[in-house]
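A.B. asks: sequence? don't have it. structure:
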DNA sequence: TTATTTTCTTAACCTACCTTATTTTTCTTA
DNA sequence: TAAGAAAAATAAGGTAGGTTAAGAAAATAA
């Protein structure tokens, strides 16, 4: 594994010098998780901010009745985990679990503040990254409130086709906030409607 | 109006020197909106990042059927508007409307990049602010998926009592993703349940 | 103080989506 | 290549929350 995709991602939003890249790289850790392994489990403190180089991750909340609610998927070039737990170093509310063998790059919390000091451009990189994610989240809330399940499903297929293909249907249903049974029924109806 | 509450808010997350405060203040604009006025309307480009000093704002999406879906409320010390439109200078998807006379502090998009250059700590301030907002949004999505309307309502009352008191019920219903009629019904039932 | 508008309530009926249970299909792994 | 496990489909009955329509209460304006 090398750092190319990771550095590319950062340099899209800010321009690091060679020295800055060097400092950054010196703080990175590589790790490979197997299918089913957890990057973070709820109630643990999230100690490593995690960037996916290859593989597939789901982030979910486990409620008191034992139901899983998927908040996000993460594939190549996405940050995953529980950002809230990381920044405040308080127990996580979410779990991030690998759905296949997943290679990641991580930055430890202890190194993060040093990094921000030595490479202030990283503040900018993360600000821009999070701003975008925040915008998407707000819009997702609105879609959840203004669109019926069918439209939300179609929107997802269109917007994240790679994820839709790589993730089991029942997880997609959970992400959309519906049951797998209802998604299945919807798909059947849509297939029938398309025939006529 | 003075800048105290605004600077306090920033200094909670990063420590500005007097010089930095001076530079920042030189870029700030003050403005007062009347009840009903829009800070941003959807399809316009959001040119001023807006911090509420006093007053009350709602941010909502207007769907094709003419229904309003409230994404957020903003009162004292909250940033409001459509951050996505601001950062990318593309047409807004949301409207921010004042629900009463509202005093704000604004930073123009043209000044923002200069400010980040001259006062890099602001990158940090906004990163931290947005990270927190993003965390809250993710958790809100999960609550929408895992809690029935009644629990979401109670959660809101507990978490944002000041807002709950100052905002009409039908707007709160919209924020929660239910109809005002259903909220009214729920409230009645809750009142009855408490009697017995 | 009344008139008007805005907000809230109530009630009957309706539907999108859930629950439970069973079966079928697809994927894994031996 | 078969056997077991995971994922998807199907179907019947149930419910949280929506819709429509009317009236009551509260806030605002004149």
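C.D. replies: Thanks, I have it. This structure is a prediction, so every number in the text was calculated from the model and none was measured. Numbering: from 1, shown residues only, chains lettered A, B, ... in the order given.

A.B. asks: mind listing the strands for chain A?
C.D. replies: A:29-33, A:38-40, A:48-54, A:57-62, A:68-74, A:79-80, A:95-98, A:102-108 (DSSP state E).

A.B. asks: nearest to residue B:159, out of those strands?
C.D. replies: strand A:57-62 (17.1 Å; CB to CB). Every C-beta, even on glycine, is put in place using the N, C-alpha and C of the backbone.

A.B. asks: could I get the average pLDDT for that closest one?
C.D. replies: Across strand A:57-62, the average pLDDT comes to 97.

A.B. asks: and stretch A:111-119, by the same measure?
C.D. replies: 96.

A.B. asks: separation between residue A:142 and residue B:72?
C.D. replies: As for residue A:142, its distance to residue B:72 is 10 Å (criterion: CB to CB, to the nearest Å).

A.B. asks: neighbour count winner among these two?
C.D. replies: Applying other CB atoms under 10 Å in any protein chain shown to residue A:142 and residue B:72 shows that residue B:72 carries more neighbours, namely 22 against 19.

A.B. asks: what residues are bridge-paired with that one?
C.D. replies: residue B:59 (DSSP bridges).

A.B. asks: wait, doesn't it sit right on residue A:138?
C.D. replies: Yes - using CB atoms under 8 Å as the test, residue B:72 is close enough to residue A:138 to be in contact (7.4 Å).

A.B. asks: the lengthiest helix in chain A and chain B, are they touching?
C.D. replies: Looking across chain A with DSSP state H, the single longest helix is helix A:121-146. Yes - using CB under 8 Å from any CB of the partner chain, helix A:121-146 comes into contact with chain B via A:123-124, A:126-128, A:130-135, A:137-142, A:144-146.

A.B. asks: so which bits of chain A are right by chain B?
C.D. replies: So chain A meets chain B at A:61, A:63, A:67, A:69, A:71-72, A:83-84, A:87, A:93-94, A:116, A:120, A:123-124, A:126-128, A:130-135, A:137-142, A:144-146, A:174, A:177 (CB under 8 Å from any CB).

A.B. asks: who's in contact with residue A:51?
C.D. replies: A:6, A:9, A:77-80, A:104-106 (CB atoms under 8 Å, 6 or more residues apart in numbering or on different chains).

A.B. asks: mind running it again at 6 Å?
C.D. replies: Taking CB atoms under 6 Å, 6 or more residues apart in numbering or on different chains as the criterion, residue A:51 is in contact with A:6, A:79, A:105.

A.B. asks: how about the last one: what's its closest non-neighbour residue?
C.D. replies: Which is residue A:105. Excluding the flanking residues, the one nearest residue A:105 by CB to CB, 6 or more residues apart in numbering or on different chains is residue A:51, at 4.6 Å.

A.B. asks: separation between that neighbour and DNA strand D?
C.D. replies: 25 Å (CB to the nearest atom of the strand, to the nearest Å).

A.B. asks: what about residue A:116, how many residues nearby?
C.D. replies: Neighbours of residue A:116 (other CB under 10 Å): 16.

A.B. asks: okay, it and residue A:126: tell me how far apart.
C.D. replies: For residue A:116 relative to residue A:126 (CB to CB), the value is 9 Å.

A.B. asks: residue A:163 touches residue A:74, doesn't it?
C.D. replies: No - if you go by CB atoms under 6 Å, residue A:163 and residue A:74 don't touch, sitting 9.0 Å apart.

A.B. asks: higher neighbour count, those two?
C.D. replies: residue A:74 (24 against 20).

A.B. asks: quick one on the thing from earlier: what residues of the longest helix of chain A count as buried?
C.D. replies: A:121-135, A:137-146 (16 or more other CB atoms under 10 Å in any protein chain shown).

A.B. asks: let me know how buried the closest residue to residue A:160 other than its chain neighbours is, in neighbour terms.
C.D. replies: Once flanking residues are discounted, residue A:160 sits nearest to residue A:73: 7.6 Å by CB to CB, 6+ apart. Close neighbours of residue A:73, defined as other CB under 10 Å, add up to 24.

A.B. asks: ok, now how distant is residue A:73 from residue A:168?
C.D. replies: Relative to residue A:168, and taking CB to CB, residue A:73 is found at 11 Å.

A.B. asks: again with residue A:145
C.D. replies: Taking CB to CB, one finds residue A:145 at 26 Å from residue A:168.

A.B. asks: also residue A:49?
C.D. replies: For residue A:49, the distance to residue A:168 - CB to CB - is 27 Å.

A.B. asks: ditto for residue A:45
C.D. replies: Counting by CB to CB, the gap from residue A:45 to residue A:168 is 29 Å.

A.B. asks: likewise residue A:59?
C.D. replies: 15 Å.

A.B. asks: in terms of neighbours, single out the busier of the two.
C.D. replies: residue A:59 (23 against 11).

A.B. asks: list the contacts for the more buried one?
C.D. replies: So residue A:59 contacts A:71-72, A:80, A:94, A:96 (CB under 6 Å, 6+ apart).

A.B. asks: could I get the residues you listed in JSON lines, plus columns for pLDDT and distance to residue B:110?
C.D. replies: Listed next are the contacts of residue A:59 as JSON lines, based on pLDDT from 0 to 100; distance: CB to CB, whole Å:
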{"residue": "A:71", "pLDDT": "98", "distance to residue B:110": "36"}
{"residue": "A:72", "pLDDT": "98", "distance to residue B:110": "34"}
{"residue": "A:80", "pLDDT": "98", "distance to residue B:110": "35"}
{"residue": "A:94", "pLDDT": "97", "distance to residue B:110": "38"}
{"residue": "A:96", "pLDDT": "97", "distance to residue B:110": "39"}
